[in-house]
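J.: Generate a structure from the sequence data that follows.
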Amino acid sequence: MKLLILGGTEFVGRAAARAALDRGWEVTVFHRGRHPAPAGAHELIGDRTEPGGLAALTGGGPWDAVLDTWSAAPSAVRDAARLLAGRTDRHVYVSSCSVYAWPVEEGYDEDTPVVDGSADAGDVPYAEAKRGGELAALDAYGADRSLLLRAGLIIGPWENVGRLPWWLGRIARGGPVLAPGPQSTPITYVDARDLAEWALDAAERGLSGPYNVVRQDRATIAELLQECVRATGAQADLRWTPAATVLDAGIDPWTELPVWIPRAERPDEHAMMHGANASRAQAAGLRIRPLAETVHDTWAWLRSLGGTAPHRPDRPPVGLPEEKEARVLGR
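T.: Residues are numbered from 1 along each chain as shown. All right, here's what the predicted structure looks like:
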């Protein structure tokens, strides 16, 4: 297989590049040159947000598939897709479960209504941007040659958003740790490496259409934080605190306490982020590695970087300020 990745140097794109190279595929990464490409990949340099920024793609190919993880202006997906449609068999677009129209019910699947979007849009909110990217792929490649991966929470090595890295860093510092309850709060996620492997499998098999790509059997917030304690080996004391107490302290779920959304107090938000039905992808071969492996591998990766994870400049920082945590814990 010959694979073109638009990006390919960070997080999901990097995971896909490494997985494809491990399979012996011929991999080309088109990127801005800000980060080193995975060893063994061919490089094309360009900035799709600049006039003429796709010039490096005009003479390349053909490729069996192109994988695009773009999450900003849909027009950038549109321009690349139109340019490549005649030289690429299949378009794999990493979308998001955020494209579903609010509110959703737990167990929502690929037939759930989606938000409005436009392939021609510029800077728009995240959900509309991802839907616009889907429409751009469908417009250029058609439904039979477009694979739309609607991912949920993505974690694992190379994460550049900061959710799991923040929890690992906080727990590694040890001491009393504000742990938001209840402990049984369900969470779901996909390891970037599992998302990448399944994307490659699906592209090779010629699958098309939308798929929710998350862990089907949900874990809990307690399992996540306890694995962080085990991975870091820290002397951390998880202080389980009722959700109402956390919210009354003005602490924001998801952003200040990453991953966590209280199910009873914020049912619509919890359903959106942790309630997707991924049985279609599971039936098509999606397998998610154990949570312990994801957490431990992410910690090993963080340690290899000196403990500081990269962070995307287009995403706000996450994590709870120390003074807020101290107030809740009464220290």
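J.: where in this structure is pLDDT low?
T.: Low-confidence segments of the chain (pLDDT under 70): 331.
J.: Okay, domains of it per the record?
T.: According to automatic domain parsing, the chain comprises the domains 2-154+190-213, 159-187+218-274+290-329.
J.: Now find how far off-centre the shortest one is within its chain.
T.: I take that to be domain 159-187+218-274+290-329. 16 Å (Cα atoms, centre = their mean, to the nearest Å).
J.: Tell me the buried residues in the helix or strand containing Ala140?
T.: Assigned by DSSP states H and E, Ala140 belongs to helix 126-141. Going by neighbour count (16 or more other Cβ atoms under 10 Å), the buried part of helix 126-141 is 127-141. To be clear about C-beta, it is placed using only N, CA and C from the backbone, and glycine gets the same treatment.
J.: Show me where the stretch 151-300 of the chain has its strands.
T.: Under the criterion DSSP state E, counting those that start in this stretch, the stretch 151-300 of the chain carries strands at the ranges 154-155, 175-180, 186-187, 190-191, 209-213, 219-220, 236-241, 253-254, 257-258.
J.: and of those, who's closest to Ala19?
T.: Nearest to Ala19 among the strands of the stretch 151-300 of the chain is strand 190-191; the distance by Cβ to Cβ comes to 11.5 Å.
J.: Name the residues that touch the closest one?
T.: 151-156, 213-215, 288-289, 293-294 (Cβ atoms under 8 Å, 6 or more residues apart in numbering).
J.: Ok, stretch 238-257 next?
T.: 176-183, 185, 222, 225-226, 229, 260-262, 264-266, 269, 273, 316, 318-321, 324, 327-329.
J.: So Leu67: helix, strand or coil?
T.: Recorded secondary structure, Leu67: strand (DSSP: H, G, I helix; E, B strand; the rest coil).
J.: isn't it right next to Leu3, touching?
T.: Yes: taking Cβ atoms under 8 Å as the definition, Leu67 is a contact partner of Leu3 at 6.6 Å.
J.: any common contacting residues for the two?
T.: Jointly contacting Leu67 and Leu3 under the rule Cβ under 8 Å, 6+ apart are Ala16, Ala203.
J.: re the thing from before, could you identify the buried members of the contacts of strand 190-191?
T.: Buried by 16+ other Cβ under 10 Å: Ala151, Gly152, Leu153, Ile154, Ile155, Gly156, Val213, Val214, Arg215, Ile288, Thr294, out of the contacts of strand 190-191.
J.: which ones among those are found in helices?
T.: Thr294 (DSSP state H).
J.: which stretches of the stretch 201-331 of the chain form helices?
T.: Here the stretch 201-331 of the chain has its helices, by DSSP state H, counting those that start in this stretch, at 221-232, 243-248, 267-274, 279-283, 291-304, 322-329.
J.: what's the residue closest to the geometric middle of this structure?
T.: Central residue of the chain (Cα atoms, centre = their mean): Ile154, 3.4 Å from the mean position.
J.: is it in a bridge, and if so with what?
T.: For Ile154, the beta-bridge partners under DSSP bridges are Val190.
J.: related to what we said a few turns ago, for the helices of the stretch 201-331 of the chain, give me a markdown table that also has distance to Leu54.
T.: Putting the helices of the stretch 201-331 of the chain into a markdown table (distance: least, Cβ to Cβ, whole Å) gives the following:
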| stretch | distance to Leu54 |
| --- | --- |
| helix 221-232 | 40 |
| helix 243-248 | 46 |
| helix 267-274 | 33 |
| helix 279-283 | 31 |
| helix 291-304 | 32 |
| helix 322-329 | 45 |
